[in-house]
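Undergrad: Give me a model of this one.
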Amino acid sequence: MQEVFQESELRMKEAVDHFHEELKHLRTGRASLAMLDGVMVDYYGTPTPINQVANLSVPDATLMVAQPFDPSTIAAVEKGILQANIGLNPSNDGKVVRIPVPPLTEERRKEIVKRAHDYAESARNAVRHARREGNERLKEMQKAKEIGEDDEHRGHDEIQKVHDHYIAEINKALDNKEKDLLQV
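TA: A predicted model of the protein is given here:
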């Protein structure tokens, strides 16, 4: 029975962790290196994460700077950022790539909040699915006489507690991101 709890909780935790990763990629109008996670640069024919080909920094809230380790790859770094389609327009001065982060319009903010809600609902569904599978496994164990009826009920209650904890975590993270996005 403990195995069912651990497996259910692990799947719920993975769903919440994935949700947090998706939230990191949503722009808030302030420069953050997390915005560049997932940007791939064609480094001598090999797709390589941008943080492995350039030194990244955030000198102020509206600008990011990428300084390639190999100056001959500056065009590839710029192209990789453009191809990532994250709404940023980089420019280079021959030594570094400057990536200005434009302020978000009200319409764009609402669009990003809507996407955050979609991500949250997807995460909630994954958590519910893990709960459902855990409960089904408990029912199967009870039918096979591996556990008693009381143990099954206690197991359902335990899985529900874990479910409620992770749903609350998703809702809290969504509220924080929404506040962050809608701040002017």
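Undergrad: Domain boundaries for this structure, per the record?
TA: Partitioning the chain according to automatic domain parsing yields domains covering residues 2-25+105-182, 33-100.
Undergrad: Next up, the contacts around the residue of the chain most remote from its centre.
TA: Ranking residues of the chain by C-alpha distance from their mean position (C-alpha atoms, centre = their mean) puts residue 145 at the top, at 41.1 Å. Counting by C-beta atoms under 8 Å, 6 or more residues apart in numbering, residue 145 touches no other residue. (C-beta placed from N, C-alpha, C; glycine too.)
Undergrad: I'd like the distance between it and residue 157.
TA: Applying C-beta to C-beta, to the nearest Å, the value for residue 145 to residue 157 is 21 Å.
Undergrad: What ranges does the protein have for its helices?
TA: Defined through DSSP state H, the helices belonging to the chain, from first to last, are 2-24, 74-83, 106-143, 149-182.
Undergrad: picking up where we left off before, now the domains of the chain in JSON lines, with mean pLDDT?
TA: Putting those into JSON lines (pLDDT from 0 to 100) gives the following:
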{"stretch": "domain 2-25+105-182", "mean pLDDT": "92"}
{"stretch": "domain 33-100", "mean pLDDT": "90"}
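Undergrad: Just read off the phi/psi values of the residue nearest to residue 43 when sequence neighbours are not counted.
TA: Distances taken as C-beta to C-beta, 6 or more residues apart in numbering place residue 53 nearest to residue 43, at 5.1 Å, with adjacent residues excluded. Backbone torsions for residue 53, taken as degrees, to the nearest 10, come to phi -120, psi -10.
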